[in-house]
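[1] here is a sequence with its predicted model. Questions after.
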Number of protein chains: 2
Amino acid sequence: MKFSCNQQQLTKALNIAAKAVTNHTTIPVLKGFLLTAEETGILKIASSDLDLSIETKIPVSVSEPGSIVVSARLFGDIIRKLPNEEIQVEESENNVTIKCISSEFRIVGQPSDEFPGIMEAQETNAILLKTELLKEMIRKTSFSASIEEAKGIITGVLFEMKKDSLTLVALDGFRMAVAKEYIGNEEEKNIVIPARILNEINKILGESSEEEFVKIILDDKKAIFILENTKIVLRLLEGDFIRYKDILPKENQCRLKINRGEFLESIERASLLAKEGKNNLIKLSISEDKIIITSRSEEGNVKEEVFIEKEGADLEIGFNAKYIIDVLKAVSEEELIMEFNNGVSPCLIKPMEGEAFEYLVLPVRISA
Amino acid sequence: MKFSCNQQQLTKALNIAAKAVTNHTTIPVLKGFLLTAEETGILKIASSDLDLSIETKIPVSVSEPGSIVVSARLFGDIIRKLPNEEIQVEESENNVTIKCISSEFRIVGQPSDEFPGIMEAQETNAILLKTELLKEMIRKTSFSASIEEAKGIITGVLFEMKKDSLTLVALDGFRMAVAKEYIGNEEEKNIVIPARILNEINKILGESSEEEFVKIILDDKKAIFILENTKIVLRLLEGDFIRYKDILPKENQCRLKINRGEFLESIERASLLAKEGKNNLIKLSISEDKIIITSRSEEGNVKEEVFIEKEGADLEIGFNAKYIIDVLKAVSEEELIMEFNNGVSPCLIKPMEGEAFEYLVLPVRISA
């Protein structure tokens, strides 16, 4: 194998492929990149942690086709540190030589035949999504998924595809995030993607900002995200997702219009004195035209007032401040609607208009 | 005690005082700020870890003079998170109330009489230094001091004051840094300041960029750095510093002119394959018009070439890459002089002209 290419272009591709490299593996070849130089002038860089596989490609000048596995960390560090000039990479008897101006590296490679194959899928069930839209929907939901490995299906994000809409849902037993966009899908289908993997995909989408659309191909057990130069294959979570619609409250006794920024700052301040306790507990007293937020710890107590517009009953309710802060940071709308039923039922946070998102946060029972 | 002041001004002062707050103490009062509101409209904020004490002041509107100790972490977090508006602080029976627009905090304070007094000193032996110059001299030397607590005097930086010059020296047994400026001093004196404390002082100088000069008052056991609004008192290291001039080589067999940037990049790349070994070993082969830098590990090997201008003999010498990288990053000159005697003697790095700095790096013995 022998090829030459530009340093910056190769660095960018390696950064994408690095997202699927794991150090927590006993299989040495998975700590590496599979480099494949093809006669057609293409270098493919593949990586896999078995749950997630990435293959990205760049145009290079190939003088000898072939393939080799190199240490992802070392090869990545070397390429990143080289100047933005032409780099020559040559493999001979499992040794890889990297040359650039007056630098010459020789590193040990591994045979490519031990590397797991990137799964292929038939292009039935393809969905085409705007990259920006998908990134936004992931950002709005994935943080709500459970981070406890043992929690199974709820460590994932549901993609609910209807003929006329796509809905992403994540929940962890204490809160739920729902993002919905009206876009057409050829077929109705539900899949669940591990949130950890979805976050890596979002980083790749962020680094591939020139790509306007992403195509998603579905299979029973896997999904393939296809960008212009990158293919991401991932294993889906198996099982039925929680019937999230059953959880969403159908009515409310109290409905507020709040200023997101002011509310966020007040809750962040109030949580300074809530950190000591396990629950990060803040108490909201909703009455007339304001919410009084209070919190106390051994170190002291705090009272914050936020002006609101209210319809319905007065209310006292407690929350884990973190869950409310997460929601207020995940959206960018200046004003939001909050709906409550009583002091022990979940609170719903949604936009002034439309259905782009709905957040449900369970309260913490407070002593009178 | 009762005063009101602007949030940003108070935040800035707290950030300075925070540099002397330690969490590694069994004395509760040292985890706090001593706030003292004076009739004259001054708020003094003091902190101390016993080795280092800071007192900084800001103008405030005092309606009731007094003093109290508050938790540095909590009070700092609260003030930082408040909006940039007027803040009212009031103490009553060891409870401190902080009000700002619609926020109201009440935190528990501690009596101020348990707080250690800030040491005073007579203003004999005062030196006046340009802040920028001092910052630069600290930056050029303090990283070379030993970080092993048990090493005593060499965990400090020597300030050698002569009638016509100030020299800072730091060394750790493997390398030495010397920075010298020709500035007048009234008296000849040597003091040694712990490098850890000097680095905190440098941060404070960086945050007090409006102050052109810093006055240093010396005492047998302590030094006081005086800025316009901040006083820093520190305990000096006792004992005689190493006679650094005896260590500096008087002659050389090989003298090079190198381009700092190129040399730094090459050594950084070469060190990618030196990390495995304990010594971070790179080998320099100096001959004719170039240095060939080589390094090897289990993972592979590397060869870098850097063009130089040389006078004197050829040479082979090994170094811990980190020590050379630290020097090349500490200075900004485009070209540097390197002087060698043989493969087992230290190398000297200095500017093309003048004596602003000299670095000595001990070699690592290499097997033939």
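    All right, it came through fine. Residues are numbered from 1 along each chain as shown, chains lettered A, B, ... in the order given.
[2] every contact and neighbour count from this point should use C-alpha atoms.
    Fine.
[3] now stretch A:102-111 - C-alpha only, PDB.
    Extracted C-alpha coordinates of stretch A:102-111, given in PDB (Å, rounded to 0.1, in the frame of the first residue of the first chain):
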ATOM      1  CA  SER A 102      12.000  16.300   6.800                       C
ATOM      2  CA  SER A 103      10.000  14.000   9.000                       C
ATOM      3  CA  GLU A 104      10.100  10.200   8.700                       C
ATOM      4  CA  PHE A 105       8.100   7.900  11.000                       C
ATOM      5  CA  ARG A 106       8.100   4.100  10.900                       C
ATOM      6  CA  ILE A 107       5.400   2.400  12.900                       C
ATOM      7  CA  VAL A 108       4.200  -1.200  13.300                       C
ATOM      8  CA  GLY A 109       0.900  -2.100  11.700                       C
ATOM      9  CA  GLN A 110      -1.400  -5.100  12.000                       C
ATOM     10  CA  PRO A 111      -2.800  -7.200   9.100                       C
END
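[4] next one: that stretch to chain centre, how far?
    Distance, stretch centre to chain centre, for stretch A:102-111: 34 Å (CA atoms, centre = their mean, to the nearest Å).
[5] residues of it that come out buried?
    A:103, A:104, A:105, A:106, A:107, A:108, A:109, A:110 (16 or more other CA atoms under 10 Å in any protein chain shown).
[6] okay, those in JSON lines with pLDDT and secondary structure next?
    As requested, those are arranged in JSON lines below (pLDDT from 0 to 100; DSSP: H, G, I helix; E, B strand; the rest coil):
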{"residue": "A:103", "pLDDT": "97", "secondary structure": "strand"}
{"residue": "A:104", "pLDDT": "98", "secondary structure": "strand"}
{"residue": "A:105", "pLDDT": "98", "secondary structure": "strand"}
{"residue": "A:106", "pLDDT": "97", "secondary structure": "strand"}
{"residue": "A:107", "pLDDT": "97", "secondary structure": "strand"}
{"residue": "A:108", "pLDDT": "96", "secondary structure": "strand"}
{"residue": "A:109", "pLDDT": "96", "secondary structure": "coil"}
{"residue": "A:110", "pLDDT": "95", "secondary structure": "strand"}
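[7] how much space is there between residue A:133 and residue B:307?
    Separation of residue A:133 from residue B:307 (CA to CA, to the nearest Å) stands at 51 Å.
[8] oh, that last question was meant for residue A:18, not what I typed.
    Look at residue A:18 and residue B:307: by CA to CA, they are 34 Å apart.
[9] repeat for residue A:171
    60 Å.
[10] between the two, who's got more neighbours?
    Neighbours were counted for residue A:171 and for residue B:307 using other CA atoms under 10 Å in any protein chain shown; residue A:171 has more, 27 against 17.
[11] isn't that one up against residue A:148?
    No. Look at residue A:171 against residue A:148 with CA atoms under 8 Å: they stay out of range, at 11.8 Å.
[12] give me the nearest residue to residue A:206, chain neighbours excluded.
    Excluding its sequence neighbours, the residue lying closest to residue A:206 (CA to CA, 6 or more residues apart in numbering or on different chains) is residue A:135, at 7.7 Å.
[13] which residues touch the one you found?
    Shown in contact with residue A:135 (CA atoms under 8 Å, 6 or more residues apart in numbering or on different chains): A:202, A:205, A:206.
[14] what helices or strands is the host helix or strand of the last one leaning on?
    If you go by DSSP states H and E, residue A:206 is part of helix A:195-207. Secondary-structure packing of helix A:195-207 (3 or more CA pairs under 8 Å, 6 or more residues apart in numbering or on different chains; DSSP states H and E): helix A:131-141, strand A:156-161.
[15] what distance do you get for residue A:164 to chain B?
    With distances taken as CA to the nearest CA, to the nearest Å, residue A:164 is found 44 Å from chain B.
[16] the strands in the stretch 201-350 of chain A, which residues?
    All strands of the stretch 201-350 of chain A, identified by DSSP state E, counting those that start in this stretch, fall at A:213-218, A:222-226, A:230-235, A:254-259, A:281-287, A:290-297, A:300-307, A:309-312, A:315-320, A:335-340, A:347-351.
[17] those strands: which one's closest to chain B?
    Nearest to chain B among the strands of the stretch 201-350 of chain A is strand A:300-307 (4.1 Å), distances taken as CA to the nearest CA.
[18] and that closest one with chain B, contact?
    Yes. Against chain B, strand A:300-307 shows contacts by CA under 8 Å from any CA of the partner chain at A:300, A:301, A:302, A:303, A:304, A:305, A:306.
[19] tell me what the last one is bridged to.
    The partner list for residue A:306 in beta bridges (DSSP bridges) reads residue A:291.
[20] so what's it up against?
    Contacts here follow CA under 8 Å, 6+ apart; on that basis residue A:306 touches A:262, A:263, A:266, A:290, A:291, A:292, A:293, B:102.
[21] determine the angle, from 0 to 180 degrees, between the helix or strand hosting residue A:67 and strand A:103-108.
    Using DSSP H and E, residue A:67 sits in strand A:66-71. Interaxial angle, strand A:66-71 versus strand A:103-108 (axes from the mean of the first three to the mean of the last three CA atoms, to 10 degrees): 90 degrees.
[22] who in chain A is up against chain B?
    Contact residues (CA under 8 Å from any CA) of chain A with chain B: A:74, A:77-78, A:81-82, A:102-108, A:265-266, A:268-269, A:272, A:299-306.
[23] next secondary structure after the helix or strand that residue A:8 is a member of?
    Assigned by DSSP H and E, residue A:8 belongs to helix A:7-17. Downstream of helix A:7-17, the first helix or strand assigned by DSSP H and E is strand A:32-38.
[24] now do stretch A:68-88: everything it contacts.
    A:1-8, A:10-11, A:14-15, A:18, A:21, A:29, A:31-36, A:91, A:94, A:96-101, A:107-112, A:115, B:265, B:268-269, B:272.
[25] whoops, I mixed them up, stretch A:229-249
    A:51-58, A:118-119, A:152-154, A:156, A:158, A:169, A:191-194, A:197, A:201, A:221-226, A:346, A:348, A:360.
[26] buried residues of that stretch, list them for me.
    Buried residues in stretch A:229-249, counted by 16+ other CA under 10 Å: A:230, A:231, A:232, A:233, A:234, A:235, A:236, A:237, A:241, A:248.
[27] quick check on residue A:39: phi, psi?
    When read as degrees, to the nearest 10, the backbone of residue A:39 gives phi -50, psi -30.
[28] these two touch, right, it and residue A:64?
    Yes. Using CA under 8 Å, residue A:39 makes contact with residue A:64 at a distance of 7.4 Å.
[29] got the angle for the strand holding residue A:67 vs strand A:32-38?
    With the same axes, to 10 degrees defining the directions, strand A:66-71 sits at 160 degrees from strand A:32-38.
[30] now the helix or strand of chain A with the lowest mean pLDDT - C-alpha only, CSV.
    Scoring the helices and strands of chain A by mean pLDDT, DSSP states H and E places strand A:126-130 at the bottom, with a mean of 87. The C-alpha trace of strand A:126-130 is given here as CSV (Å, rounded to 0.1, in the frame of the first residue of the first chain):
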residue,chain,number,x,y,z
ALA,A,126,-34.1,5.0,3.4
ILE,A,127,-35.0,8.3,5.1
LEU,A,128,-33.5,11.6,4.1
LEU,A,129,-33.1,14.2,6.8
LYS,A,130,-31.7,17.7,6.9
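[31] so, low pLDDT: which residues of the stretch 251-368 of chain A?
    For the stretch 251-368 of chain A, applying pLDDT under 70 flags the ranges A:275-278, A:368.
[32] which residues sit against stretch A:353-367?
    The contact list for stretch A:353-367, computed with CA under 8 Å, 6+ apart, reads A:140, A:174-181, A:248, A:279, A:281, A:283, A:317-320, A:323-324, A:327, A:343-351.
[33] now a PyMOL select for only the buried ones of those residues.
    Selection of buried members from the contacts of stretch A:353-367 for PyMOL, criterion 16+ other CA under 10 Å:
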select buried, chain A and resi 140+174+175+176+177+178+179+180+181+248+281+283+317+318+319+320+323+324+327+343+345+346+347+348+349+350+351
